[in-house]
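Asker: sharing a sequence plus its predicted fold:
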Amino acid sequence: MRFTRTSKALGMVAIAALALTGCGAGGGSNDGASQSAGDPNKVITAYNSEPQNPLLPANTNETNGGRVINLLFEGLRSYDPDGKAVNALAESIESPDAQNWTIKVKQGQKFTNGEAITAKTFVDTWNFAANSKNLQNNSFFFESIAGYDDVSAVTTEKAADGKTTTTPAPKAQTMSGLKATDDSTLTVKLAQPEADWSLRLGYSAFYPLPSAALADPKTYGENPVGNGPYKFEKTGAWVHDQSISLVKNPDYSGPRSAKNGGVTFKFYTDPSPAYTDLQADNLDITDVLPSNATKTYAADFPDRSATKPVATNGTLNIPPYNPNFQGEAGKLRRQALSYAINREEITKVVFNGTRTPAKAFAPPVIDGFKADLKGSEVLKFDAAKAKDLWAQAEKIKPYDGSKPLQIASNTDGGHKEWIDAVANGFKNNLGIQAEIQPFAKFAEVLNLRKSQSLPGLTRAGWQGDYPSLYNFLGPVWATGASSNYEKYSNPEFDKLLKEGLAAKSTTEANDKFNQAQEILFQDLPGLPLWDYAKPIVWSNHVVKAETGWNGEILYYNITAK
């Protein structure tokens, strides 16, 4: 989930394109200063599901854990509701050449256990996160720093059964490009100039960790100590499969001061009971609606809902290890599947306009977005084209349809209806059987993807980490990237990403990133489905609520009665 970029020329243009305007679906309770009064000590209850992993920032790359992590920690930078990067723990961030960076860390900052946060804190935390032996999911985000290749090294072996295994084998324990010259000064040397590098520093992978976390990550992750606007209510505040209870951090002095007394995340495995709880004022806020509620939420919650376009999208990923989708026949079938999906109809009928058909691998609210990229015609519904491509594939290699094509998905996110619609499209337009492979928890799907164990396809999606076109490409599709669970790899794609990162202007960078998308349209490791217009609804106990640039609820900004 969720990065930062600097250079005034590059960063400010990126931010300007993110001036997302909210449009309240119900009325005026989302925008008036006169409605900002509330009880600063009231604890709100919010929808969530069980996080996949212990709560360590560099190991959390899914939304269930991410929304908790973002409240417990503060980084060198933060993002305001429009996606603008603002300094938080950083006093200043400067570079003369976009390769050598000097970061001044604010003094007097502490974790809630009293431990001081210094420049060395970041050196130790980032080295821990990047080191392959620590198996942190977000280690990829440190790839730009000189010496990352040494601390992230692995050995690859092929067993007799043909399966490939990788083993952490770091050549060094620390990145050569990372130094703390004194308590307040952090210097970072990148492997190459990257004008937008500092924009990433508000992403959770870069959050600081206390020494206890590095000494015993597993134990720490159950009861994390942070430095953000909230803290754990008590030891054991995470009751697995039930809830996580946070309270306001009275010592927090950053840009995200809490306007309420705390947030209790209640875990659901189905959004329908949560919606019922909201209607009865037994839950205060959700950003996950049952599919049938997309048609009624504005009427169900008059003056207590809001919707706006956000930097979040949905895809249907196709594992490269599935024999039906390998080789030339597989390439044709990938195209056929995409043409067989009526995105326009599904976004209207199933989502009632809270999604818009995808035009690329990144959403339109991101700076550099470009429609009509070469190859993007596969996103248009064309039943005849789908049938023809499938028939061509059959001549090369027959499809193994002995079992229905399964589409893995969590049931706690309101996905069944659209997957059923997609499956019907495959049946009607390609003559193949398809069905949902349901899982109660999102973590279960992620674990199957990570272990390369999916029998069919999988729903996927990306919520922006930082406002950048690269963020929707690199972490998801680059070779070895943290969220590239299906292990897609294309050297030409990787090369274009690297050239884009080294570009000296926004325009040049985005041109490279869009060229990289054209490679994705050739290979189709995943099928872009739709971009989100994120709806949220809240109870009678809430005065005001809103989402940020990437669709995440601004929990700290919620005022309650």
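Answerer: The structure has been received and is ready for your questions.
Asker: any idea how far residue 508 is from residue 362?
Answerer: Going from residue 508 to residue 362 by Cβ to Cβ, to the nearest Å gives 17 Å. Where C-beta positions appear, they are placed from N, C-alpha and C, glycine not excepted.
Asker: who's more crowded, the two?
Answerer: residue 362 (29 against 15; other Cβ atoms under 10 Å).
Asker: who touches the closest residue to that one other than its chain neighbours in this structure?
Answerer: Sequence neighbours aside, residue 472 is the residue nearest to residue 362 in space, at 3.9 Å (criterion: Cβ to Cβ, 6 or more residues apart in numbering). Residues in contact with residue 472 (Cβ atoms under 8 Å, 6 or more residues apart in numbering) are 311, 313, 361-363, 366, 462, 464.
Asker: residue 496 now?
Answerer: Residues in contact with residue 496 (Cβ under 8 Å, 6+ apart) are 512-513, 515-516, 519.
Asker: which of the contacts of residue 472 has the most neighbours?
Answerer: Of all those, residue 311 has the most neighbours under the rule other Cβ under 10 Å, reaching 31 neighbours.
Asker: now residue 131. Nearest residue, chain neighbours left out?
Answerer: residue 151 is the one closest to residue 131 (Cβ to Cβ, 6+ apart), at 4.8 Å.
Asker: tell me how many other residues crowd the one you found.
Answerer: Around residue 151 there are 27 residues (other Cβ under 10 Å).
Asker: do I have it right that it meets residue 176?
Answerer: No - at 9.1 Å, residue 151 does not count as touching residue 176 under the criterion of Cβ atoms under 8 Å.
Asker: got phi/psi on residue 347?
Answerer: phi -70, psi -30 (degrees, to the nearest 10).
Asker: same question, residue 513
Answerer: Dihedral angles (degrees, to the nearest 10) for residue 513: phi -70, psi -40.
Asker: for residue 477, which non-adjacent residue is spatially closest?
Answerer: The shortest distance from residue 477 to any non-neighbouring residue, by Cβ to Cβ, 6+ apart, is to residue 488 (5.5 Å).
Asker: nope, residue 518 is what I was after
Answerer: Using Cβ to Cβ, 6+ apart, the nearest residue to residue 518 is residue 374, at 4.7 Å.
Asker: same check, this time on residue 528
Answerer: In space, residue 528 is closest to residue 358, 3.6 Å off (Cβ to Cβ, 6+ apart).
Asker: okay, now the one you found: neighbour count?
Answerer: 23.
Asker: nearest residue to residue 41 in space, please, no chain neighbours.
Answerer: residue 261 (4.0 Å).
Asker: against residue 72, how distant is the one you found?
Answerer: 16 Å.
Asker: the two: which has the busier surroundings?
Answerer: residue 72 (23 against 16).
Asker: surely that one and residue 231 touch.
Answerer: Yes - contact status for residue 72 versus residue 231: in contact at 6.7 Å, counting by Cβ under 8 Å.
Asker: any residues in contact with both of the two?
Answerer: Joint contacts of residue 72 and residue 231 (Cβ under 8 Å, 6+ apart) are residue 246.
Asker: ok, back up a step: for the residue nearest to residue 41, what are phi and psi?
Answerer: According to degrees, to the nearest 10, residue 261 has phi -90, psi -10.
Asker: for it, which residues are in contact?
Answerer: Counting by Cβ under 8 Å, 6+ apart, residue 261 has contacts 39-43, 247-248.
Asker: what separation do you get for the spatially most distant residue from the centre of the chain and residue 332?
Answerer: The outermost residue of the chain relative to its centre, with distances by Cα atoms, centre = their mean, is residue 395 at 39.3 Å. According to Cβ to Cβ, residue 395 and residue 332 sit 9 Å apart.
Asker: again with residue 253
Answerer: For residue 253 relative to residue 332 (Cβ to Cβ), the value is 58 Å.
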